[in-house]
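In: how does the following fold in three dimensions:
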Amino acid sequence: MKFLWTALLSSWLVIGGLVYMFFIKGSVAEANDGRTAIVLTEGERDFVLAEMRGFLTAVQQIIEGVDEKDMKKVAEAGKAAGAAATRTMPGSLPRKLPLAFKQLGHPTHKAFDELAVEASDIGDAGHVIRKLGSLMTNCVACHATYKLEVGTK
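Out: Numbers count the residues shown, from 1 in each chain. I've put the predicted structure just below:
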């Protein structure tokens, strides 16, 4: 019976360690500039950078749409940067991204989706700009905390 409990405990520790390594810690290293480096393949890095450029494009189009009083343009830009943008994510990427990075990324996509809906439903430019300003705090926090590096980790 003691062996069974020891084996069970050992199994839980191994599973816990694997969950930590693959879903919480991610593939990270200390960067030379004080940020956390997320170590990815070139293709994975290209995907994340393209996603970030998509955020910037959406922000630019949202600001233009607000200025032009074109809430349809705002909604389309928000939707393009929303959760739909993650559908082509490489299968290897989620386990390499640290949990804290994912906790910034997923809400950012969700906030773009919410902004799109609110632009269509409410149509208030001031509300859109406030929502966009709030959403941008995730972008600033992410860039202040992380950098992407190509490696074999």
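In: do you have the helices of this structure handy? List them.
Out: 2-19, 42-67, 71-80, 93-96, 99-121, 125-145 (DSSP state H).
In: now tabulate those in TSV and tack on mean pLDDT and distance to Asp33.
Out: Glycine gets a C-beta too; all of them are placed from N, C-alpha and C. Converted to TSV, the helices of the chain look like this (pLDDT from 0 to 100; distance: least, C-beta to C-beta, whole Å):
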stretch	mean pLDDT	distance to Asp33
helix 2-19	57	29
helix 42-67	96	17
helix 71-80	97	31
helix 93-96	90	20
helix 99-121	94	16
helix 125-145	96	10
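In: of the ones you listed, flag the one that's most buried.
Out: Across these, the average number of neighbours (mean count of other C-beta atoms under 10 Å) peaks for helix 71-80, which reaches a mean of 20.
In: centre of the chain to that one, how far?
Out: 19 Å (C-alpha atoms, centre = their mean, to the nearest Å).
In: now stretch 43-52
Out: How far stretch 43-52 lies from its chain's middle: 11 Å, per C-alpha atoms, centre = their mean.
In: tell me the centre residue of this structure?
Out: In the chain, the C-alpha closest to the average C-alpha coordinate belongs to Gly105, at a distance of 1.8 Å (C-alpha atoms, centre = their mean).
In: could the helices of the chain be laid out in TSV, adding distance to Arg87?
Out: Output for the helices of the chain, formatted as TSV (distance: least, C-beta to C-beta, whole Å):
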stretch	distance to Arg87
helix 2-19	25
helix 42-67	11
helix 71-80	12
helix 93-96	12
helix 99-121	11
helix 125-145	20
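In: what comes into contact with stretch 116-129?
Out: If you take C-beta atoms under 8 Å, 6 or more residues apart in numbering as the criterion, stretch 116-129 is touched by 62, 65-66, 69, 71-72, 74-79, 82, 115, 131.
In: just stretch 58-68 next, same as before
Out: If you take C-beta under 8 Å, 6+ apart as the criterion, stretch 58-68 is touched by 70-74, 76-78, 80-81, 112, 115, 119, 125, 128-129, 132, 136.
In: now do stretch 131-146
Out: Residues beyond stretch 131-146 that count as contacts (C-beta under 8 Å, 6+ apart) turn out to be 35-38, 52, 55, 59, 62-63, 100-101, 104-105, 107-108, 111-112, 114-115, 118.
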